[in-house]
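A.B. asks: With the input below, show me the fold.
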Amino acid sequence: MLKMSCQKLSRQYLHLVMSEGRGLYSLRHLDVSKLFYPSTPEALDAEAQAKTKKKNGINKIGSITGLPRPSMYFQPSQRVESCPLSSIGAIALFGENKNKILLSDNTGHTCIYNTDPQSLIVTPNLKSPKATDCVAVSNLGAATRAMSDDHTNLFLMDMHPGSCCFEVLTYDSTGKLCWGALPPPPFFKDWEYKVPLMPDFTVVDNSRICVSTTTATYSFDTVTHEWNKVGDWVLPFRAEYIPELRLWLGLLPDSGPYDLCTLDNLSTTPGSPPPTMQHIGEEESELPENWSQLVHDLVNLGSGKFCIANNFILNFGEVRRSWIPVTVFTGVEVLPVEGGIRMLKHKSKSFRTEFEVVL
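C.D. replies: Numbering: from 1, shown residues only. Below is the predicted model of the structure:
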């Protein structure tokens, strides 16, 4: 039997970082309520109708709408003319209410945008710049209790070996924000180490960061600052622990358009076996022939609701500007059912552009 969920979203917006060209970036906010029906029964009814339309050959992935207005623009302090995208660095959402956005550039300059009062503060430089694909983890309970009474901490680790590749943002003894260096991962000492295209990581017990290389998985204890090797297996995707489900949730890569999966029995004890993976939902819509998927991402909105962001390229053949980027945002709900859980799709919104980062 399916249990009905009427819980409200704990987040009001998705935060979208978009390149405006010439090294300029904008920060926009998408109202996530537009991705969901008012209730689970309405979503179930829409799902049934969508299956009927699919049988009748009708297929649609959200209507293309106008972009949300930017709340701010920002420009990194240094830009590489030959490759403007290299000017942007790590961008991460953190804070007790997920209301702070860290913005950084390729020189390590940082600032924090607070979405609630819409304020911007300059923060200390990173000890070493971080790339956009770095490991970013925030608001770990045990780490917060160990470092300060404030519910603010942000861990950033670059998977490229270098000086001070692993840092944490927290408060010092005087109450000022600062970056602290952390021990680098032991796999950097492995001569056969290869930098993964996209690092897969997650959090276990709200205090341990699990990171996979291309061949093994390691764990970092944010309280003791110690590393250990968990096992010679890798996480199948970037996962997030969902307390309501007591499971880790994520998107399986290269499964287009998306495949939502769970992980169970994930342990950081050395020698632990790999976690159990289960498929719980996938996009069933057949894409038009000229649509090609680039990447997809999953954002937790709380209360069992999520947003799946898909980046596509629409190819129109050998004509001037023969392709255009399209990003599709889909609201999904994960519901407990008899014998497990299932994914329920709500609404989709599409934009004729590609976003650099979706938070």
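
A.B. asks: Quick one: low-confidence residue ranges for the stretch 151-300 of the chain.
C.D. replies: The stretch 151-300 of the chain contains residues with pLDDT under 70 at 151-152, 255-257, 283-287.

A.B. asks: Any idea what the residue nearest to Thr123 when sequence neighbours are not counted is bridged to?
C.D. replies: Nearest residue to Thr123, sequence neighbours excluded (CB to CB, 6 or more residues apart in numbering): Thr110, at 4.8 Å. Glycine gets a C-beta too; all of them are placed from N, C-alpha and C. On the basis of DSSP bridges, Thr110 is bridged to Ser104, Thr123.

A.B. asks: ranges for the strands of the stretch 1-150 of the chain?
C.D. replies: Using DSSP state E, counting those that start in this stretch, the strands of the stretch 1-150 of the chain run over residues 13-21, 24-31, 70-74, 88-94, 100-105, 110-114, 119-123, 135-138.

A.B. asks: Give me the mean pLDDT for the shortest one.
C.D. replies: Right, the one you point to is strand 135-138. Strand 135-138 shows a mean pLDDT of 96.

A.B. asks: what do you get for the longest one?
C.D. replies: Taken as a whole, strand 13-21 has an average pLDDT of 94.

A.B. asks: by contact count, what packs against that strand?
C.D. replies: Packing partners of strand 13-21 (3 or more CB pairs under 8 Å, 6 or more residues apart in numbering; DSSP states H and E): strand 24-31, strand 88-94, strand 357-358.

A.B. asks: Mind jotting down where the strands sit in the stretch 201-350 of the chain?
C.D. replies: Ranges of strands in the stretch 201-350 of the chain, per DSSP E, counting those that start in this stretch, are 208-212, 217-221, 226-231, 239-242, 247-251, 259-264, 276-282, 291-302, 305-315, 323-337, 340-351.

A.B. asks: Which one of these lies nearest to Ser63?
C.D. replies: Nearest to Ser63 among those is strand 340-351 (6.6 Å), distances taken as CB to CB.

A.B. asks: Off-centre distance for the closest one?
C.D. replies: 17 Å (CA atoms, centre = their mean, to the nearest Å).

A.B. asks: For it, which helices and strands make contact with it?
C.D. replies: Helices and strands touching strand 340-351, as assessed by 3+ CB pairs under 8 Å, 6+ apart, comprise helix 40-55, strand 276-282, strand 323-337.

A.B. asks: quick one, that strand and strand 247-251 angle?
C.D. replies: Here strand 340-351 runs at an angle of 40 degrees relative to strand 247-251 (axes from the mean of the first three to the mean of the last three CA atoms, to 10 degrees).

A.B. asks: got the CA positions of strand 340-351 in PDB?
C.D. replies: Taking Å, rounded to 0.1, in the frame of the first residue of the first chain, the C-alpha atoms of strand 340-351 are listed here in PDB:
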ATOM      1  CA  GLY A 340      10.400  -0.800  -0.200                       C
ATOM      2  CA  ILE A 341      10.200   2.700  -1.800                       C
ATOM      3  CA  ARG A 342       9.300   4.100  -5.200                       C
ATOM      4  CA  MET A 343       9.800   7.300  -7.200                       C
ATOM      5  CA  LEU A 344       6.800   9.400  -8.200                       C
ATOM      6  CA  LYS A 345       7.400  12.000 -10.800                       C
ATOM      7  CA  HIS A 346       5.700  15.400 -10.500                       C
ATOM      8  CA  LYS A 347       6.300  18.300 -13.000                       C
ATOM      9  CA  SER A 348       9.100  19.400 -15.300                       C
ATOM     10  CA  LYS A 349      10.300  22.900 -16.300                       C
ATOM     11  CA  SER A 350      12.700  23.500 -19.200                       C
ATOM     12  CA  PHE A 351      15.100  26.400 -19.900                       C
END
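
A.B. asks: now it against strand 276-282, angle please.
C.D. replies: If you take the same axes, to 10 degrees, strand 340-351 sits at 50 degrees to strand 276-282.

A.B. asks: contact partners of strand 340-351?
C.D. replies: With contacts defined as CB atoms under 8 Å, 6 or more residues apart in numbering, strand 340-351 is touched by 2, 30, 34-37, 40, 43-44, 46-47, 50, 61-65, 67, 245, 247, 260, 262, 278, 280-281, 283, 326-335.

A.B. asks: what do you get for stretch 250-261?
C.D. replies: Contacts of stretch 250-261 (CB under 8 Å, 6+ apart): 198, 202, 236-240, 249, 263, 277-283, 285, 287, 293, 296-298, 308, 310, 332, 334, 343.

A.B. asks: For Leu249, which residues are in contact?
C.D. replies: 239-242, 260-263, 298, 300, 306, 334.

A.B. asks: want to try a markdown table for those, with neighbour count and distance to Gly95 as columns?
C.D. replies: Shown next, in a markdown table, are those (neighbours: other CB atoms under 10 Å; distance: CB to CB, whole Å):
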| residue | neighbour count | distance to Gly95 |
| --- | --- | --- |
| Ala239 | 25 | 21 |
| Glu240 | 17 | 16 |
| Tyr241 | 17 | 18 |
| Ile242 | 17 | 19 |
| Leu260 | 25 | 26 |
| Cys261 | 22 | 28 |
| Thr262 | 22 | 27 |
| Leu263 | 21 | 26 |
| Leu298 | 19 | 20 |
| Asn300 | 16 | 15 |
| Phe306 | 24 | 20 |
| Val334 | 21 | 24 |
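
A.B. asks: burial of the nearest residue to Tyr37 once chain neighbours are set aside, as a residue count?
C.D. replies: Residue nearest to Tyr37 in three dimensions, not counting chain neighbours: Ala43, with 4.4 Å by CB to CB, 6+ apart. As a burial measure, Ala43 scores 21 neighbours (other CB atoms under 10 Å).
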